[in-house]
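**Student:** need a 3D model of the sequence below.
(one chain, ligands or ions: 1)
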Amino acid sequence: MIDLRSDTVTKPSKKMMQFMMEANVGDDVFQDDPTVNLFEQKTANMFGKEAGLFCPSGTMTNQIALMVYLKPGDEVICSSEAHIYNYEGGGIARNSGASVRLINRESGILYLNEIIDNINPDDIHYPKTKLVALENTVNRGGGICYPIEEIEKISNYCQSEKMPLHLDGARLFNALVKTEVSAYKMGSHFDSISLCFSKGLGTPVGSVLVGSKDFIHSARRVRKVLGGGMRQSGILAAAGIYALENNIQRLSTDHLHAKVLEESLAKCSWIEKVLKVETNIVVAYLKDEYLASEFIQKLSDCGVLAIPFGKGRIRMVTHLDISEKDVEKVVESLKF
Ligand SMILES: Cc1ncc(COP(=O)(O)O)c(C=O)c1O
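**Tutor:** As a prediction, the model looks like this:
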């Protein structure tokens, strides 16, 4: 099967596994694991941050950040398409007891003027606006990248208002490769960033939350409460170090493959429109007469896996286990 359901389906390469097997380990709850410590510091340094925290998943790094910033009665501003709102099991309400102000936009990109319009006045009737959260790339927006100029404007405003700015950077490395913005520059605009390594970068497990020393100190407490403190996790952190050194620049290959799929889907008779592809995610809308489930089944019969992505929408994601040959096969399968 050619698996385009997500970039999370990749298997660690032999070289990555070799690197993992050779890792020096210790008990990370005591902060004794040298490989975890190195991985956290390397990731934090890359983004110009003081500290990092290795966690089992991107949901956990996002939720921990939200729990550090928010308490019941507070409000976070995010996009209606945001992963933190749509796909984290209602975690904002459940874990932080906070309210959410959604800004509706298909692309999932927020603009400064809309953010300003959605900040509540200091009035006892309203929740307190305490945080702005962006996502880059935007998963439900079809892997689209934030314009760095907009991030700069939002960041300057948030700093002037002393409002923290969090980034769900599950696929931030894809955005950095595509837009040629440095990790350091991107990092300078956010108070905290959640970075996933088990997506485009191809590790079996793990995300890192980066921020100031004080922020990560608080985050470490929350990770413990959630049961996310791991022991000899240097084996997993080693995969992350390997990925930082070997799997970032190659993301451009995934982006090229996704572009080819965009063109083929646009020609398929069942497809109404394809969202503009910028990175490794392809989202397409079906014509009214077709169901996403039928489309997925038709492709599956040809050996290609994709997923439904809301009503009448499907998603395909390219990754490091998809070769040029696989892409050619998918192109053939879409000729109907
Ligand atoms: C944008 C975004 N944020 C966060 C996550 C959560 O990552 P995890 O599956 O590791 O919890 C995902 C997962 O697909 C995602 O796409």
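
**Student:** C-alpha only now, for contacts and for neighbours.
**Tutor:** OK.

**Student:** need the per-residue pLDDT for G310.
**Tutor:** Here, the pLDDT recorded for G310 equals 82.

**Student:** tell me the spacing between it and R250.
**Tutor:** As judged by C-alpha to C-alpha, to the nearest Å, G310 and R250 stand 30 Å apart.

**Student:** look at these two and report which has more neighbours.
**Tutor:** With neighbours defined as other C-alpha atoms under 10 Å, G310 and R250 compare such that R250 has more, 15 against 11.

**Student:** phi first, then psi, for that one.
**Tutor:** Dihedral pair for R250: phi -70, psi -10, per degrees, to the nearest 10.

**Student:** what is the neighbour count of the closest residue to A183 other than its chain neighbours?
**Tutor:** Spatial nearest neighbour of A183, chain neighbours left out: F47 (5.1 Å); criterion: C-alpha to C-alpha, 6 or more residues apart in numbering. Neighbour count for F47, taken as other C-alpha under 10 Å: 22.

**Student:** one more: F336?
**Tutor:** F336 has 10 neighbours, counted by other C-alpha under 10 Å.

**Student:** that one contacts S269, correct?
**Tutor:** Yes: with contact defined as C-alpha atoms under 8 Å, F336 and S269 form a contacting pair (6.1 Å).

**Student:** what about V76, which SS state?
**Tutor:** V76 falls in the strand class when you classify it by DSSP: H, G, I helix; E, B strand; the rest coil.

**Student:** all strands for this structure, in order.
**Tutor:** 2-3, 51-55, 74-79, 99-103, 128-135, 165-169, 192-196, 207-211, 271-274, 281-286, 304-305, 307-308, 313-317 (DSSP state E).

**Student:** can you add distance to D28 and mean neighbour count and give those back as a markdown table?
**Tutor:** Converted to a markdown table, the strands of the chain look like this (distance: least, C-alpha to C-alpha, whole Å; neighbours: other C-alpha atoms under 10 Å):
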| stretch | distance to D28 | mean neighbour count |
| --- | --- | --- |
| strand 2-3 | 34 | 20 |
| strand 51-55 | 10 | 27 |
| strand 74-79 | 31 | 24 |
| strand 99-103 | 33 | 18 |
| strand 128-135 | 29 | 23 |
| strand 165-169 | 24 | 24 |
| strand 192-196 | 19 | 28 |
| strand 207-211 | 14 | 29 |
| strand 271-274 | 45 | 19 |
| strand 281-286 | 34 | 25 |
| strand 304-305 | 37 | 21 |
| strand 307-308 | 36 | 20 |
| strand 313-317 | 33 | 24 |
